[in-house]
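>>> Next comes the sequence, and after it the predicted model I'd like to discuss.
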Amino acid sequence: MEQNQAMPGQPTNPVVAALEQTEPVQPVAAAPVQAAPAPKKKNSTMALVIILLVLIALGGIGFGVWAMMDGNARVETAKKNCSGSTEVITNCDVDGNNGGDSDGTGTNTSTDTTPIFKNPVISSTVGNYNVSINETVVISNDKSLNINVKNGEVVGCHYSVGGDCTISGISGKIFKMSEFGAGQDIEGFYQGFLMEDGTVQYFGLKDASEKTNYSIEGTLKINGKVKDIISVGALETGREVGGFGTSLFILSDGSIVMFDISMLQ
């Protein structure tokens with residue numbers, strides 16, 4: 001018997017043998033599971049903007065209500081103040097500003113300081129007396145013009161010699177009458193009617209001795225309200241002779257304006 005002959009043994013299983021010759025299978029690691037994305041945070045900026053707009057809207061509504069109530073209160077206050085005012089009223093504003101003030105107290109803080117000016121109209125009855133206003137204008141050596149006014153209206157016009165006359169075209173109520181002009185004779189003078197509203201209406205006295213009817217020729221162009229007219233003697237500066245008569249207009253603000261031919265219309 002040969003020594004190299006294989007020893008008989010247990011029979012060999014071909015399946016087992018095949019498995020033994022196969023390399024071991026490495027275990028496959030499970031793929032990591034990704035975490036779900038976290039929910040995004042809400043946009044707080046948009047929310048703040050919406051809240052801010054709501055607050056602004058509410059504030060606007062509240063201010064509008066307050067302004068309306070405050071305006072009504074000012075109107076009532078102004079009406080009470082105006083109803084108790086005298087004939088000279090400074091900026092009485094029934095819209096509630098009461099003279100342009102910002103707080104309704106009557107303190108004038110506006111740029112408009114022009115007063116509402118009115119000259120008084122003389123009543124025909126004062127106490128126990130009947131009153132009339134008379135103006136006498138010498139128009140020639142032997143003739144004068146006489147004008148009579150009651151309750152602000154002309155009620156009579158006549159000459160000292162030669163009968164009656166008429167005056168037409170006056171608009172408004174007359175406060176007083178005054179002759180005005182410049183020069184040394186009647187040719188340069190006019191009959192003026194100082195009106196309730198501070199204007200001066202007039203007609204010329206030239207050739208007055210030959211007229212029976214007069215009509216208002218215009219209103220003097222004066223920058224301001226006139227409250228009086230006075231006649232004065234004037235002498236040009238630097239001269240010693242040659243004085244002549246002229247007229248001064250006293251305005252409501254206290255200023256004085258000398259008559260000038262350019263004032264005529």
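Received, thanks.
>>> Tell me which helix or strand comes right after the longest helix anywhere in the chain.
Among the segments of the chain that qualify as a helix by DSSP state H, the longest is helix 44-83. Going down the chain from helix 44-83, the next helix or strand is strand 125-126, by DSSP states H and E.
>>> Direction included, what does that following strand pair against?
strand 129-130 (antiparallel) (DSSP bridges).
>>> hey, where'd the strands end up in the stretch 151-265 of the chain?
Along the stretch 151-265 of the chain, counting by DSSP state E, counting those that start in this stretch, strands occupy 153-159, 166-168, 174-183, 189-195, 200-204, 213-215, 218-219, 226-234, 244-251, 256-258.
>>> Can you tell me which of these is nearest to L48?
strand 244-251 (63.6 Å; C-beta to C-beta). (Glycine included, C-beta is placed from N, CA and C.)
>>> average pLDDT for the longest helix of the chain?
Confidence over helix 44-83, taken as the mean pLDDT, stands at 79.
>>> on that earlier part again, which among the strands of the stretch 151-265 of the chain is found nearest to V138?
Per C-beta to C-beta, nearest to V138 of the strands of the stretch 151-265 of the chain: strand 174-183, 9.1 Å.
>>> For that closest one, enumerate the helices and strands it packs against.
Contacting strand 174-183 under the criterion 3 or more C-beta pairs under 8 Å, 6 or more residues apart in numbering; DSSP states H and E are the following elements: strand 133-140, strand 143-150, strand 189-195, strand 226-234, strand 244-251.
>>> helices or strands next to the third one in the packing?
Read that as strand 189-195. strand 174-183, strand 200-204, strand 226-234.
>>> so it versus strand 200-204, what angle?
Put simply, strand 189-195 runs at 150 degrees to strand 200-204, going by axes from the mean of the first three to the mean of the last three C-alpha atoms, to 10 degrees.
>>> Quick one: work out the angle between strand 189-195 and strand 244-251.
Using the same axes, to 10 degrees: strand 189-195 against strand 244-251 is 10 degrees.
>>> Paired strands for strand 189-195, with orientation please.
Going by DSSP bridges, the partners of strand 189-195 are strand 174-183 (antiparallel), strand 200-204 (antiparallel).
>>> And for the last one, what's in contact with it?
Strand 200-204 is touched from outside by 167, 169-172, 180, 190-195, 214-220, 222, 226, 229, 249, 264, with contacts defined as C-beta atoms under 8 Å, 6 or more residues apart in numbering.
>>> could you redo the last one with a cut-off of 6 Å?
190-194, 214, 216-217, 219-220, 226 (C-beta atoms under 6 Å, 6 or more residues apart in numbering).
>>> Quick check on these: which are buried?
190-194, 214, 219-220, 226 (16 or more other C-beta atoms under 10 Å).
>>> Can you say which of the helices and strands packed on strand 189-195 is nearest to P120?
strand 174-183 (6.5 Å).
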